[in-house]
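Novice: curious how this folds, go ahead:
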Amino acid sequence: MKKLSIFITSIFLLIGCFDQPEITPPQFVSKTPPDSLEAHGIDAAIGNSIFLEWEEPESREEEGLTGYYLYRGLLLNDEYDFDRIATIEREKGIIFKSDEYTDYDVSIDTMYYYYLRSYNDFTMSKETSDTVQYQLANPVSLKTPKGEITDTNPKFEFRFRRYGIDNITHFYFYLYRLEENGYQIKYFYKTKRFDLSRVIFNINLGVSSQQSVILFDDVKVEEGRKYLEKGDYRWKVKAVSSRLGGSAETVGSVSDWMEFSIK
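Specialist: Sure, this is the predicted structure:
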């Protein structure tokens, strides 16, 4: 038995003497601009968190990848300081996803940087993924409508209070209705935050102006009036610091869901 133990130990020592083949790191999914109906890439997530999404290497099976290490960093005194914050294992079942992660251990008004490495049973990738960044702003607080209502064209009210010096320029409103195959988008709306002293904001379906744009509209119309069908709805509002040219933002936040039912 002692000879067998020595033999196994010798095998592992022998393997360690050879350089392991290099393995491929994943790459983050490119972030979509805020005007996109379907959002991808790093983004603000519900619960004051940051959502990350990446593409696994095509060679993952060939290289025997078993997971990914996620690193988070801060820029301190003109130098980046990174720590490994999570291990995402692959092939943990149908529900488990090895191409995304939500970071809840983050604070408002701090820019965070992220990169990834791949690993297998023998080594870790020398190269890293690309680096992405995001900063959470103060989240929007939703007020009405909520619960059971009868108004088929309700006014949507939310509040946004400044948190120190923020760069929020626009609010994005999302309205979903519960259908047979889950919640489906019914209305997507963008409005500009032109008055920094304003706290209360209102949205009326079908109303646009020089400061707002309807990006998607699947709401019913009767005699020129927008109305919502009876059913279950939920809505949220995203606050964004827009960038020139309509490119993807690096600063923003998203409210919690608010649900209501029209009876």
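
Novice: for residue 25, give its distance to residue 98.
Specialist: 13 Å (Cβ to Cβ, to the nearest Å). All C-beta atoms are positioned from the backbone trio N, CA, C, and that covers glycine.

Novice: joint contacts of the two?
Specialist: Common contacts of residue 25 and residue 98, defined by Cβ atoms under 8 Å, 6 or more residues apart in numbering, comprise residue 68.

Novice: the helix or strand harbouring residue 83 pairs with which strands?
Specialist: Using DSSP states H and E, residue 83 falls within strand 79-89. According to DSSP bridges, strand 79-89 forms sheet pairs with strand 67-76 (antiparallel).

Novice: need the three-state assignment for residue 172.
Specialist: Look at residue 172: counting by DSSP: H, G, I helix; E, B strand; the rest coil, its state is strand.

Novice: any low-confidence regions in the protein?
Specialist: Low-confidence segments of the chain (pLDDT under 70): 1-19, 92-95, 163-165.

Novice: got the domain boundaries for it?
Specialist: 23-136, 141-262 (automatic domain parsing).

Novice: distance from the last one to the middle of the chain?
Specialist: Averaged C-alpha coordinates place domain 141-262 at 18 Å from its chain's average position (Cα atoms, centre = their mean, to the nearest Å).

Novice: and that domain, end to end?
Specialist: This stretch, domain 141-262, spans 21 Å end to end (Cα to Cα, to the nearest Å).

Novice: same deal with stretch 254-263?
Specialist: End-to-end for stretch 254-263, by Cα to Cα: 28 Å.

Novice: distance between that stretch and the chain's centre?
Specialist: 19 Å.

Novice: check contacts around the residue nearest to residue 168 when sequence neighbours are not counted.
Specialist: Nearest residue to residue 168, sequence neighbours excluded (Cβ to Cβ, 6 or more residues apart in numbering): residue 239, at 4.7 Å. Applying Cβ under 8 Å, 6+ apart, we find residue 239 in contact with 137-140, 160, 168, 170-171, 193, 252-254.

Novice: the residue nearest to residue 85 when sequence neighbours are not counted pairs with what?
Specialist: Setting aside the residues directly before and after it, residue 85 is nearest to residue 72 in space (Cβ to Cβ, 6+ apart), at 4.7 Å. Beta bridges link residue 72 to residue 83, residue 114, judged by DSSP bridges.

Novice: quick check: residue 72 touching residue 111?
Specialist: No: counting by Cβ atoms under 8 Å, residue 72 stays clear of residue 111, with 11.1 Å between them.

Novice: tell me which of those two has more neighbours.
Specialist: Ranked by neighbour count (other Cβ atoms under 10 Å), residue 72 and residue 111 place residue 72 first, with 19 against 13.

Novice: residue boundaries of the strands in the stretch 1-150 of the chain?
Specialist: Secondary structure of the stretch 1-150 of the chain (DSSP state E, counting those that start in this stretch): strands located at 27-28, 43-45, 49-55, 67-76, 79-89, 100-103, 111-119, 132-136, 141-144, 147-149.

Novice: and those as JSON lines, adding distance to residue 223?
Specialist: JSON lines is the format used below for these (distance: least, Cβ to Cβ, whole Å):
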{"stretch": "strand 27-28", "distance to residue 223": "48"}
{"stretch": "strand 43-45", "distance to residue 223": "39"}
{"stretch": "strand 49-55", "distance to residue 223": "41"}
{"stretch": "strand 67-76", "distance to residue 223": "54"}
{"stretch": "strand 79-89", "distance to residue 223": "53"}
{"stretch": "strand 100-103", "distance to residue 223": "44"}
{"stretch": "strand 111-119", "distance to residue 223": "50"}
{"stretch": "strand 132-136", "distance to residue 223": "43"}
{"stretch": "strand 141-144", "distance to residue 223": "25"}
{"stretch": "strand 147-149", "distance to residue 223": "21"}
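
Novice: closest to residue 155 out of the ones you listed?
Specialist: strand 141-144 (7.4 Å; Cβ to Cβ).

Novice: list the strands paired with the closest one, with their directions.
Specialist: strand 155-159 (antiparallel).

Novice: picking that back up, pull the CA atoms of the strand holding residue 83 into CSV?
Specialist: Extracted C-alpha coordinates of strand 79-89, given in CSV (Å, rounded to 0.1, in the frame of the first residue of the first chain):
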residue,chain,number,x,y,z
GLU,A,79,-3.3,51.8,-10.3
TYR,A,80,-5.7,48.9,-10.8
ASP,A,81,-6.2,46.6,-7.8
PHE,A,82,-7.9,43.3,-8.6
ASP,A,83,-9.1,40.4,-6.4
ARG,A,84,-10.7,37.2,-7.4
ILE,A,85,-14.3,37.3,-6.2
ALA,A,86,-16.0,34.3,-7.6
THR,A,87,-15.5,30.8,-9.1
ILE,A,88,-18.1,29.9,-11.7
GLU,A,89,-18.2,26.1,-12.3
